[in-house]
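A.B. asks: Provided below are the primary sequence and the corresponding predicted coordinates.
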Amino acid sequence: MPAQRPGHIQGLITNIYLSPAEYELLARLPAATLSKTRLSVPPLGIDVFHPPLHGLILAEAEFTTDEAARSFLPPPQIVAEVTDDTRFTGGSLVHAHRDDLLAWLADYGIKPVPTTPPAP
């Protein structure tokens, strides 16, 4: 979870915008990759992961004020709160294998329904 400002409940979000040339330069570097589709259902950004993490769907909420954050009620389809679980951060997920994901979900009592992985 990002650093908290005293008196605030929301973390800080940082974006870096790249020029096409900067992107091309960085894209050539060796790196682990993670594939997902991002859906926007305000105030939620919903990530639907592709293999090997297929079946994992994470939602993150963003708010313009602390009051909006405090009044947010997650939809009933939300089955686990993983904000403070570092296993569900991009840095951990990018190195995760399917068996890792299944074990992590089991810690929350979640057993995914077997599915055919969607095409990336």
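C.D. replies: That came through fine.

A.B. asks: can we go C-alpha only for contacts and neighbour counts from here?
C.D. replies: Fine.

A.B. asks: how much distance is there from the helix or strand of the chain with the lowest mean pLDDT to the middle of the chain?
C.D. replies: Lowest on mean pLDDT, DSSP states H and E among the helices and strands of the chain sits helix 66-71, with a mean of 88. Relative to its parent chain, helix 66-71 has a centroid offset of 20 Å by CA atoms, centre = their mean, to the nearest Å.

A.B. asks: Alpha carbons of the following helix or strand past that helix, as CSV, please.
C.D. replies: Next in sequence after helix 66-71, counting helices and strands by DSSP states H and E, comes helix 90-93. Extracted in CSV, the C-alpha atoms of helix 90-93 (Å, rounded to 0.1, in the frame of the first residue of the first chain):
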residue,chain,number,x,y,z
GLY,A,90,2.3,-6.1,-9.4
GLY,A,91,5.9,-6.7,-8.2
SER,A,92,4.9,-10.1,-6.7
LEU,A,93,2.3,-11.1,-9.3
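
A.B. asks: one step back: buried residues, the least confident helix or strand of the chain. List them.
C.D. replies: A69 (16 or more other CA atoms under 10 Å).
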